[in-house]
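Chemist: Any chance you could fold what I've pasted below:
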Amino acid sequence: MTYEMYFEIKCLCEEYYSKKKMEHAKAVESYVMKDTRYALMTAEDQYIARAAALAHDLLEDTNCTYDEINAISCTVAEITYLLTHFQKVSYYDYCKNIIDSKDVIAILVKTADIKDHLMRKKTLSDKLKNKYAAVIPLFLAA
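Modeler: Numbers count the residues shown, from 1 in each chain. Okay, here's the model as predicted:
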């Protein structure tokens, strides 16, 4: 993946996300970039990780389609699909599927997503704390 492709994904996110959702996506990207695993990646994988961090909620929370993401990067589309929580799957099983995929970038992005949600004290309810507490051991073991 090139910077240009990363930039296209970023523009796609800006098109579909609300200002608040884009703020969250950028925060997830920032957490990804601060992770040791990110520093060990190739430049190409770093752009993929950053793009996936931005796009992680596109399929779940907007009308953006898999095909729109795939037209820019099939790799980012696949990771975004893996990071999409479908309602018929429990949150625990959804996270376990991410871990079981062994996709380092998806695991990194989901870890950053959970971290950002936990840091947002204004929106962090006890229900959300419990939801994340149940899956954190999965990600720590990954």
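Chemist: lowest-confidence helix or strand of this protein?
Modeler: One helix or strand of the chain scores below all others by mean pLDDT, DSSP states H and E: helix 126-141, with a mean of 91.
Chemist: Pull out the buried residues from it.
Modeler: By 16 or more other CB atoms under 10 Å, the buried positions in helix 126-141 come out as Y132, V135, L138, F139. Bear in mind the C-beta positions are built from the backbone N, C-alpha and C, glycine included.
Chemist: which ones are touching the first one?
Modeler: In other words, Y132. The contact partners of Y132, by CB atoms under 8 Å, 6 or more residues apart in numbering, come to I114, H117, L118.
Chemist: Just the residues you listed: which are in helices?
Modeler: I114, H117, L118 (DSSP state H).
Chemist: Could I get the full set of helices for this protein?
Modeler: Along the chain, counting by DSSP H, helices occupy 3-16, 19-34, 36-39, 43-55, 58-61, 66-70, 74-82, 91-101, 104-119, 126-141.
Chemist: Buried deepest among those helices, which one?
Modeler: Comparing the helices of the chain by mean neighbour count (mean count of other CB atoms under 10 Å), helix 43-55 comes out on top with a mean of 23.
Chemist: Okay then, goodbye and thanks.
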